[in-house]
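>>> Show me how the following folds:
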Amino acid sequence: MTGTLVGHDAHLIGGRWVRSAGEPIPVENPATEQVVGHAPAGTAAEARAALDAAVAAWPAWADTPLEERVALVRRLADLLERDVDELAALIATEVGMPVHLARAAQVGLPIQVLRTTADLAADYPWREPLAAGEVVRVPAGVVVAITPWNMPLHQIAAKIGPALVAGCTVVLKPSEIAPLCAYALVERAVEAGIPPGVLNLVCGTGPVMGETLVRDPRVAVVSLTGSVRSGARVAELAAPTITRVCLELGGKSANVLLDDTALDVAVPAAVQQAFFNSGQACNALTRLIVPSHQQAEVAERLVAAVGALRTGDPFDPSSDLGPLVSARQREAVRDHVRRAAGDGARLLAGGPEAPDGLPVGYYHRPTVVTDVRPESALAREEVFGPVLAVLTHSGDDDAVRLANATDYGLAAGVWSADPARARSVAARLRAGQVKINGARTRDGLDAPFGGFGRSGLGRELGRAGIDEFVETTAVLGGDAIG
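Predicted coordinates:
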């Protein structure tokens, strides 16, 4: 894969590959800094054509029996599983995650999301009896799905899976930074037999392609995963047409170690929870909140755990971390680390310099910063890189206070030898998903995923993920007259 140039100059619109009038956007391999592909910078006219196709296809798709819609989603999952090695290599090439990790996390996860969604659709309350009638849940209509570069296949699956089983048609706009996986997925969707116009793919920039899609009054739901800035812009553009938005945005998630935690287990796991995908994960647990009297021991264990990590070539099976996705992203992460020192924090491991032996590629050292003040930028701003901020607490109440001292609320973690104590603390955290003793999002794909505050609106995954793509009608009465 690393030596292959992948070129795309067309969008999938109404079941046909339509050549774009836009200029090609280069796609870089972040490990080599070489161009490995391109996708078109689509035009506003092409965005409207994709919506035309989705609108035209919607009535027939909405009337398609649920069992047929579910079967096609399952078929798509099967085709992704068939080609898991090819897709993992593509992820490693355009995103930079080590291929041996991408196989499970970047490809296996969306496969399971599609299958879990299909399972849930069978028991979803499409019709629900009431004392005075019934509740009927029907397809919302045309969906615009705008997906990010960091988990490209997963975020597509988390949107199109529930939208398709609900009976919605979709226009998908992937990130122009990593669009190649989206092409791979829709090619398999066509092979699966998803009808023309039901799933459309258009590539391009946010200001042209994205904004044209979001502004269109024919759109029923916009589902975006991205930055807070992007989410705010989507909400602004959707407001005049009262279009529903589902926004999965950033995070500054806390990982709380209570004073009875088994540190030999929790600290290495906390490093993994922070540095998954080189820290480029919205739900990464990037604030480690530890008992003040255990700070020195935790610091010693953190240094050992980070020292055991290997940063390197995504196609090397010994690599734990790959590069960041772009030069711009790496510079932003470096700036956070440099500013932390000015805020009085202490570098415990790593730093902003390039890792030894890696002069080429957008690599960043796995970094731990301690003595972080709660009001500092590193404790409050999303870094989106391999940087872990360590804060200290004086007890359970103080830990909860520090964990909740953020504008975000996507995820959190709690560690304790006492499950009841961990659950008690978890219930007080203002986060959409709380993981106890190392639980992972992928362990509960029937659970809702989304956040409080600046982390977004709405939920993905599980039954809640289907809820985003249906409208609800209360039908009252209906008894025979006379």
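>>> And the helices in the stretch 251-400 of the chain, which stretches?
Applying DSSP state H, counting those that start in this stretch to the stretch 251-400 of the chain gives helices spanning 263-275, 295-307, 327-342, 377-380, 396-403.
>>> Which among those helices is found nearest to I156?
I156 lies closest, by CB to CB, to one member of the helices of the stretch 251-400 of the chain: helix 327-342, at 20.6 Å. C-beta here means a position set from N, CA and C on the backbone, and glycine is covered the same way.
>>> V186 is nearest to which of the helices of the stretch 251-400 of the chain?
Closest of these to V186 is helix 327-342, at 25.8 Å (criterion: CB to CB).
>>> picking up where we left off before, reformat the helices of the stretch 251-400 of the chain as CSV; add mean pLDDT.
Below are the helices of the stretch 251-400 of the chain laid out as CSV (pLDDT from 0 to 100):
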stretch, mean pLDDT
helix 263-275, 98
helix 295-307, 97
helix 327-342, 95
helix 377-380, 96
helix 396-403, 98
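>>> can you tell which of these is closest to A411?
Once the helices of the stretch 251-400 of the chain are compared by CB to CB, helix 263-275 is nearest, at 9.2 Å.
>>> could the helices of the stretch 251-400 of the chain go into JSON lines alongside mean neighbour count?
Formatted as JSON lines, the helices of the stretch 251-400 of the chain follow (neighbours: other CB atoms under 10 Å):
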{"stretch": "helix 263-275", "mean neighbour count": "20"}
{"stretch": "helix 295-307", "mean neighbour count": "17"}
{"stretch": "helix 327-342", "mean neighbour count": "17"}
{"stretch": "helix 377-380", "mean neighbour count": "20"}
{"stretch": "helix 396-403", "mean neighbour count": "19"}
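>>> Kindly reformat those as TSV containing distance to E211.
Shown next, in TSV, are the helices of the stretch 251-400 of the chain (distance: least, CB to CB, whole Å):
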stretch	distance to E211
helix 263-275	34
helix 295-307	41
helix 327-342	21
helix 377-380	29
helix 396-403	36
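>>> same for the longest helix anywhere in the chain, what does it pack against?
In the chain, taking DSSP state H as the definition, the longest helix is helix 44-63. Helix 44-63 sits against strand 10-13, strand 133-139, strand 142-146, strand 169-173, strand 199-201, helix 211-215, with contacts defined as 3 or more CB pairs under 8 Å, 6 or more residues apart in numbering; DSSP states H and E.
>>> mind putting those in a markdown table, distance to R103, mean pLDDT and mean neighbour count included?
Shown next, in a markdown table, are the helices and strands packed on helix 44-63 (distance: least, CB to CB, whole Å; pLDDT from 0 to 100; neighbours: other CB atoms under 10 Å):
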| stretch | distance to R103 | mean pLDDT | mean neighbour count |
| --- | --- | --- | --- |
| strand 10-13 | 26 | 97 | 25 |
| strand 133-139 | 34 | 97 | 16 |
| strand 142-146 | 24 | 98 | 27 |
| strand 169-173 | 23 | 98 | 28 |
| strand 199-201 | 24 | 98 | 29 |
| helix 211-215 | 32 | 98 | 22 |
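>>> Any chance of those in CSV with distance to V390 as columns?
Below are the helices and strands packed on helix 44-63 laid out as CSV (distance: least, CB to CB, whole Å):
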stretch, distance to V390
strand 10-13, 46
strand 133-139, 46
strand 142-146, 34
strand 169-173, 38
strand 199-201, 42
helix 211-215, 39
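>>> Relative to L321, which of the ones you listed is closest?
That would be strand 142-146 among the helices and strands packed on helix 44-63, by CB to CB, at 27.2 Å.
>>> what does that closest one rub up against?
For strand 142-146, contacts defined as CB atoms under 8 Å, 6 or more residues apart in numbering pick out 51, 54-55, 58, 156, 159-160, 163, 168-173, 206, 210, 213-214, 218-226, 230, 234, 469.
>>> which stretches of the stretch 51-200 of the chain form helices?
With DSSP H, counting those that start in this stretch as the criterion, the stretch 51-200 of the chain has helices spanning 66-82, 84-94, 99-102, 109-123, 152-166, 180-192.
>>> Q329: which of these is closest?
helix 84-94 (13.5 Å).
>>> just how off-centre is the closest one within its chain?
With CA atoms, centre = their mean, to the nearest Å as the basis, helix 84-94 stands 17 Å off its chain's centre.
>>> do the same with stretch 117-134
Computed by CA atoms, centre = their mean, the chain-centroid distance of stretch 117-134 equals 28 Å.
>>> Put the alpha carbons of that stretch into CSV.
These are the backbone C-alpha positions of stretch 117-134, laid out as CSV (Å, rounded to 0.1, in the frame of the first residue of the first chain):
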residue,chain,number,x,y,z
THR,A,117,-26.9,-1.7,14.7
ALA,A,118,-28.5,-4.4,12.6
ASP,A,119,-29.2,-6.5,15.7
LEU,A,120,-30.7,-3.5,17.5
ALA,A,121,-32.9,-2.6,14.6
ALA,A,122,-34.8,-5.9,15.0
ASP,A,123,-35.9,-5.0,18.5
TYR,A,124,-36.2,-1.2,18.0
PRO,A,125,-39.6,0.1,19.0
TRP,A,126,-40.7,1.2,15.5
ARG,A,127,-44.3,0.9,16.8
GLU,A,128,-45.0,1.3,20.5
PRO,A,129,-48.5,0.9,22.1
LEU,A,130,-49.9,3.6,24.3
ALA,A,131,-53.0,3.6,26.5
ALA,A,132,-54.7,6.0,24.0
GLY,A,133,-53.1,4.7,20.7
GLU,A,134,-49.5,4.1,19.6
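>>> tell me which residues in that stretch are buried?
T117, A118, L120, A121, Y124 (16 or more other CB atoms under 10 Å).
>>> ditto for stretch 281-299
Residues of stretch 281-299 classed as buried by neighbour count (16+ other CB under 10 Å): 281-291, 295, 298-299.
>>> ok, so of those residues, who is nearest R103?
Taking the buried residues of stretch 281-299 together and measuring to R103 by CB to CB, the closest member is A281, at 16.8 Å.
>>> got the contact list for that closest one?
So A281 contacts N150, M151 (CB under 8 Å, 6+ apart).
>>> Could you pull up phi and psi at it?
Note on A281: backbone dihedrals following degrees, to the nearest 10 are phi -140, psi 130.
>>> With adjacent residues omitted, what lies nearest to T286?
Using CB to CB, 6 or more residues apart in numbering and skipping residues adjacent in sequence, the residue nearest T286 is A274, 5.2 Å away.
>>> Point out where the chain drops to low pLDDT.
Scanning the chain with the threshold set as pLDDT under 70 gives 1-7, 480-482.
>>> swap the cut-off to 50 and go again
1-3 (pLDDT under 50).
>>> circling back: what would the buried residues of stretch 117-134 look like in TSV with distance to G344?
TSV is the format used below for the buried residues of stretch 117-134 (distance: CB to CB, whole Å):
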residue	distance to G344
T117	47
A118	51
L120	48
A121	52
Y124	52
